[in-house]
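Trainee: Structure for this input, please:
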Amino acid sequence: MKMEKRGRAAVVVLGDLGRSPRMQYHALSFARQACFEVDIVAYAGTEPHAAVLEHPSIHLHLMRQPIPPGLPRFLYLLALPFKTIIQFAILLWFICVKIPSPDFFLVQNPPSVPTLIAVRWACWIRKSAFLIDWHNFGYTLLGLTLGKLHPLVKVYYWCEKRYGKMADGCLCVTKAMQHELAQNWGIKATVVYDRSPEFFHPTQLKEKHELFCRLNKDIANPLGIHDCCSDGDIDQGMEIVSVTEDGTSLVTRTDGAGASYSRAPDCVAWNKQGMITTPERVEYTLFTNRVVARDNQGHEDDESISLNENRPALIVSSTSWTPDEDFSILLEAAIMYDRRVAAILNEFDSISEESLWKDFTKGKQFSFPRLLFIITGSRKRKV
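Mentor: Numbering: from 1, shown residues only. Presented below is the predicted three-dimensional model:
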């Protein structure tokens, strides 16, 4: 079947578009590099990246979830057939009526049902090519909820395999998935690795400090004397230098927990012209320090930001907290790291030894950094 070129692409995500960065990047590539008009059909939810929202050739068509997530198991089983039928009808309306006919549909899998069926039908009706981007296997995810031997899982597997083989082209995220599709499904897929777009760049020091100032209350709460972020003596917060009625300077400090105290200033600063200045404000975070000073004429003269020498190593990760994503691997690795470092430093019981943490906060240098994990995501298995 010969298809006319229309200069349009349709990206279909039966999920929260804001949580599907790979599909957003596909849309940006089609719009920027191929100069296509791109229609994205997806569920509303998290806001997509600004580059997607602002691009004049990308058009969003957002649907509403037919049934709210988080239902109990017995209600989920009862609602599943109705949810699938409603999703199929709404999706078919959007991709067959609401958007112009594209050259091709690129659909994210999973979910496979009813997405692959609806998009395949739309391709027949609108004479468009059918492309699938395989992120995972839908039937395995459903099996985690219902059990591998559940009849619905077997039906789901049949639909996913049958309609997957009808695709005109397939992409996948890893070579392992490419091999699985070729060996057991008879589907030839091209591996397209995730790559960061150009709006990802190394964070400037000022941006880092502003970020850690915003996060300070969340990551620097005193959770206990052995916490990575605090041993009771860590200085985090802000110092403000003020002049009292008798002309003396007084430093008022607010720490990460919200407590404050005052003392005399213990430092002065020199500007580039060699003039003495008094720090007006000193901001502390777990990772950075920022000093704002004024010269003798009262002008704000210098703003310096530096990284703390004993800052922890920051590890950021997202997870769905679902059984298919074994996040315990990372957590177990962190425990192994802690034990290995404790053994090297002859701190065989690092949990009960307080001197190590006090040495950290007093500026002693160690070859092995503390680890601070920031983990995002919210599901039932989140702890």
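
Trainee: which intervals of the stretch 51-200 of the chain have sub-threshold pLDDT?
Mentor: 68-74, 76-77 (pLDDT under 70).

Trainee: contacting residues for E160?
Mentor: Going by Cβ atoms under 8 Å, 6 or more residues apart in numbering, E160 touches 109-110, 112-113, 116, 137-139. Where C-beta positions appear, they are placed from N, C-alpha and C, glycine not excepted.

Trainee: Same list, these, but as JSON lines with distance to G186 and secondary structure please.
Mentor: As requested, the contacts of E160 are exported to JSON lines (distance: Cβ to Cβ, whole Å; DSSP: H, G, I helix; E, B strand; the rest coil):
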{"residue": "N109", "distance to G186": "16", "secondary structure": "strand"}
{"residue": "P110", "distance to G186": "19", "secondary structure": "coil"}
{"residue": "S112", "distance to G186": "16", "secondary structure": "coil"}
{"residue": "V113", "distance to G186": "19", "secondary structure": "coil"}
{"residue": "L116", "distance to G186": "16", "secondary structure": "helix"}
{"residue": "F137", "distance to G186": "14", "secondary structure": "coil"}
{"residue": "G138", "distance to G186": "17", "secondary structure": "helix"}
{"residue": "Y139", "distance to G186": "16", "secondary structure": "helix"}
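
Trainee: Which secondary structure element is home to the spatially closest residue to S20 that is not a sequence neighbour?
Mentor: Nearest residue to S20, sequence neighbours excluded (Cβ to Cβ, 6 or more residues apart in numbering): V13, at 5.0 Å. Under the criterion of DSSP states H and E, V13 resides in strand 8-16.

Trainee: How about I374?
Mentor: strand 371-376.

Trainee: who does that strand touch, helix- and strand-wise?
Mentor: strand 313-318, helix 328-344 (3 or more Cβ pairs under 8 Å, 6 or more residues apart in numbering; DSSP states H and E).

Trainee: quick one: strands adjacent to the shortest one?
Mentor: Strand 313-318 sits in its sheet next to strand 371-376 (parallel), going by DSSP bridges.

Trainee: Can you give me the buried ones in the strand it pairs with?
Mentor: By neighbour count on 16 or more other Cβ atoms under 10 Å, the buried set for strand 371-376 is L372.

Trainee: what does that strand contact?
Mentor: 219, 228-229, 286, 312-319, 327, 330, 334, 337-338.

Trainee: redo that, cut-off 10 Å
Mentor: With Cβ atoms under 10 Å, 6 or more residues apart in numbering as the test, strand 371-376 has contacts from 215, 218-219, 227-229, 286-287, 311-319, 321, 327, 330-331, 333-334, 337-338, 341, 382.

Trainee: Quick check: neighbours of the strand holding V13 in the sheet, parallel or antiparallel?
Mentor: strand 37-43 (parallel), strand 104-109 (parallel).

Trainee: mind putting the ones you listed in TSV, mean neighbour count included?
Mentor: Below are the strands paired with strand 8-16 laid out as TSV (neighbours: other Cβ atoms under 10 Å):
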stretch	mean neighbour count
strand 37-43	23
strand 104-109	24
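
Trainee: Specify the beta-bridge partners of F373.
Mentor: Beta-bridge pairing for F373 (DSSP bridges): I315.

Trainee: Quick check: the gap between it and R8.
Mentor: To R8, F373 is 43 Å away according to Cβ to Cβ, to the nearest Å.

Trainee: for K154, same thing?
Mentor: 37 Å.

Trainee: Between these two, which is the more surrounded one?
Mentor: R8 (19 against 13; other Cβ atoms under 10 Å).

Trainee: Tell me who's in contact with the more buried one.
Mentor: So R8 contacts 30, 36-39, 57, 59, 99-104, 128 (Cβ under 10 Å, 6+ apart).

Trainee: With W134 instead?
Mentor: 108-110, 112, 160, 164, 167, 170-174, 177-178, 180-181, 185, 187, 189.
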